[in-house]
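S.K.: After the sequence you'll find the predicted model.
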Amino acid sequence: QVQLVESGGGLVQAGGSLRLSCAFSGRTFSWYAMGWFRQAPGKERDFVATISGSGGDAYYADSVKGRFTISRDNTKKTVYLQMNSLKPEDTAVYYCAADFRGITLPLRNPSEYDAWGQGTQVTVSS
């Protein structure tokens, strides 16, 4: 049974940093591209970043490019999202997701993912 469990969210002041983690279990982690999405109240779930199974390719939403970094440790079966220079508009529930179908990156659409975590809240105060 596949499980994705996010952690690392919290409350931070604007300009601060947070590092989200997503622990994966139930399949061979290194085979799958992983993504991060976020959803603010009343809004759609938006693409944040994605990374290939090997970690060699990554893509970012324009809104986070240069501030966020996605990475993965295949030995620990974990994907990370380092978030720097946080802004109030980054406030959302952040979700990690896994693509089991081998769809070509950048995988910006939530429908391209097959498994999701429960989400972790990130709140950035001004």
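M.R.: Yep, that arrived. Numbering: from 1, shown residues only.
S.K.: how much space between the most centrally placed residue in the chain and Ser126?
M.R.: Among the residues of the chain, the one closest to the centroid is Trp36, at 2.1 Å (C-alpha atoms, centre = their mean). Separation of Trp36 from Ser126 (C-beta to C-beta, to the nearest Å): 23 Å. The C-beta positions use only the backbone N, C-alpha and C, and glycine is treated the same way.
S.K.: give me the number of residues near the nearest residue to the residue nearest to the centre of the chain once chain neighbours are set aside?
M.R.: The shortest distance from Trp36 to any non-neighbouring residue, by C-beta to C-beta, 6 or more residues apart in numbering, is to Val48 (4.2 Å). By other C-beta atoms under 10 Å, the residues close to Val48 number 25.
S.K.: where does Val48 land in three-state SS?
M.R.: strand (DSSP: H, G, I helix; E, B strand; the rest coil).
S.K.: so what's it up against?
M.R.: 35-38, 60-61, 64, 68, 70, 81, 94 (C-beta atoms under 8 Å, 6 or more residues apart in numbering).
S.K.: among these, who's most crowded?
M.R.: Counting by other C-beta under 10 Å, top hit in the contacts of Val48: Gly35 with 29 neighbours.
S.K.: what pairs with that one across the strands?
M.R.: Thr50, Ala97 (DSSP bridges).
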